[in-house]
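Student: below: sequence and its predicted model.
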Amino acid sequence: MSADERFDRIDESIGRLATQIAELRNDSARLTRYVLELREEAIQRFELIDQRLNVLSSTVVSLDARFPPLAKAILDFGTLAGR
């Protein structure tokens, strides 16, 4: 085997490795975008849940101030339903 043939094989190997590295970079970039989108979606959903909990807690406080027996009944029902 001549030196040129050896260098040709090395060049081919380097070319294949470069292609594989480029594919890995693309895969990594896609995965990074997916994780960032998932993070944003989770943040938005948790904010929505937090807003709903704020509304519910203010409603219970309002009911408790106006109708203490009704508020106690709602909380007792929540306890029973949770079981």
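Tutor: Nice, I can see it.

Student: scan the protein for its longest helix.
Tutor: For the chain, the helix with the greatest residue count under DSSP state H is helix 3-66.

Student: quick check: mean pLDDT across that one?
Tutor: Taken as a whole, helix 3-66 has a mean pLDDT of 89.

Student: remind me what that helix packs against, helices and strands.
Tutor: helix 68-82 (3 or more C-beta pairs under 8 Å, 6 or more residues apart in numbering; DSSP states H and E). (C-beta placed from N, C-alpha, C; glycine too.)

Student: now do the helix it packs on against helix 3-66, angle only.
Tutor: Orientation check (axes from the mean of the first three to the mean of the last three C-alpha atoms, to 10 degrees): helix 68-82 against helix 3-66 gives 140 degrees.

Student: which other helices and strands contact helix 68-82?
Tutor: The contact analysis (3+ C-beta pairs under 8 Å, 6+ apart) places helix 68-82 against helix 3-66.

Student: hang on, the earlier thing: distance from the longest helix of the chain to the middle of the chain?
Tutor: 7 Å (C-alpha atoms, centre = their mean, to the nearest Å).

Student: roughly how far apart are residue 28 and residue 35?
Tutor: Residue 28 sits 11 Å away from residue 35 when distances are taken as C-beta to C-beta, to the nearest Å.

Student: err, residue 17, not the other one
Tutor: 27 Å.

Student: how about residue 29?
Tutor: Where residue 35 is concerned, residue 29 sits at a distance of 11 Å (C-beta to C-beta).

Student: same check, this time on residue 69
Tutor: 50 Å.

Student: any idea how many residues pack against residue 53?
Tutor: Counted with other C-beta atoms under 10 Å, the neighbours of residue 53 add up to 10.

Student: er, residue 74 I mean
Tutor: Residue 74 sits with 15 neighbouring residues when counted by other C-beta under 10 Å.

Student: make sure it is actually in contact with residue 60.
Tutor: Yes: at 7.1 Å, residue 74 counts as touching residue 60 under the criterion of C-beta atoms under 8 Å.

Student: how many neighbours does residue 73 have?
Tutor: With other C-beta under 10 Å as criterion, residue 73 counts 12.

Student: kindly apply the preceding question to residue 61 instead.
Tutor: Residue 61 has 11 neighbouring residues, counting by other C-beta under 10 Å.
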